[in-house]
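Student: sequence? don't have it. structure:
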């Protein structure tokens, strides 16, 4: 589409990437942590479009990126390889962990998304079983840094991928993150006009 368009094309969301969301995510992290250096950002759940864009951008900014998911739900291999290369180039790191407790150990940011994205409704029941050990709850958050922040791209399914006590608790920055989507998308439009 961009190749044949006479105007800029912005990918607001596709099956592989969600770049506008990732920009809001990293703005939120910068506001919360003051820097990207030394930040351990952990994405818990499906290796989906949100995870892909977040991994790439966090690695470009030199964060230590960790993805934790059940076997069979990993990010696309080429995107993992790209993330690893970008992390090395920019002073960060990338790891895939199947154990969510090990993954979040010392995390500054714990990020999750729904277990079944749009178009995966028929897989919802299977995914509920596979992802149940990856629920972000108080027990899992207790392994993160004491000042860790919780992110979610919204809308969330409370008591599925995240418990109400986490998403509505003091560590949650989901509404700050949601507000930042407005600001980064205005900035994107400004940059292409």
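Tutor: Looks like it came in fine. Since the model is a prediction, treat every value here as computed from it, not as a measurement.

Student: tell me what the longest helix belonging to the chain is packed against?
Tutor: With secondary structure taken from DSSP state H, the chain has its longest helix at helix 174-192. Using 3 or more Cβ pairs under 8 Å, 6 or more residues apart in numbering; DSSP states H and E as the contact criterion, the neighbours of helix 174-192 among helices and strands are helix 19-33, strand 149-152. (C-beta placed from N, C-alpha, C; glycine too.)

Student: what residues does it touch?
Tutor: The set of residues external to helix 174-192 that reach it, using Cβ atoms under 8 Å, 6 or more residues apart in numbering, is 8, 10, 20-21, 23-25, 27-28, 31-32, 150-154, 156, 167.

Student: mind redoing it with 7 Å?
Tutor: Residues lying outside helix 174-192 but in contact with it, judged by Cβ atoms under 7 Å, 6 or more residues apart in numbering, are 8, 10, 20-21, 23-25, 27-28, 31, 151-152, 154, 167.

Student: Could I get these in TSV, plus columns for distance to residue 2 and neighbour count?
Tutor: What follows is the contacts of helix 174-192, written out as TSV (distance: Cβ to Cβ, whole Å; neighbours: other Cβ atoms under 10 Å):
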residue	distance to residue 2	neighbour count
8	8	11
10	9	13
20	15	17
21	19	23
23	17	20
24	21	23
25	23	27
27	24	18
28	27	23
31	30	13
151	28	27
152	29	24
154	27	14
167	35	22
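
Student: Dump the residues you listed into JSON lines; add distance to residue 86 and pLDDT as well.
Tutor: Putting the contacts of helix 174-192 into JSON lines (distance: Cβ to Cβ, whole Å; pLDDT from 0 to 100) gives the following:
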{"residue": "8", "distance to residue 86": "24", "pLDDT": "93"}
{"residue": "10", "distance to residue 86": "21", "pLDDT": "95"}
{"residue": "20", "distance to residue 86": "19", "pLDDT": "97"}
{"residue": "21", "distance to residue 86": "18", "pLDDT": "98"}
{"residue": "23", "distance to residue 86": "16", "pLDDT": "98"}
{"residue": "24", "distance to residue 86": "19", "pLDDT": "98"}
{"residue": "25", "distance to residue 86": "16", "pLDDT": "98"}
{"residue": "27", "distance to residue 86": "18", "pLDDT": "98"}
{"residue": "28", "distance to residue 86": "20", "pLDDT": "98"}
{"residue": "31", "distance to residue 86": "22", "pLDDT": "98"}
{"residue": "151", "distance to residue 86": "20", "pLDDT": "99"}
{"residue": "152", "distance to residue 86": "24", "pLDDT": "98"}
{"residue": "154", "distance to residue 86": "26", "pLDDT": "97"}
{"residue": "167", "distance to residue 86": "29", "pLDDT": "98"}
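
Student: Just name the closest of those to residue 71, please.
Tutor: Comparing the contacts of helix 174-192 against residue 71 with Cβ to Cβ picks out residue 152 as the nearest, at 23.2 Å.
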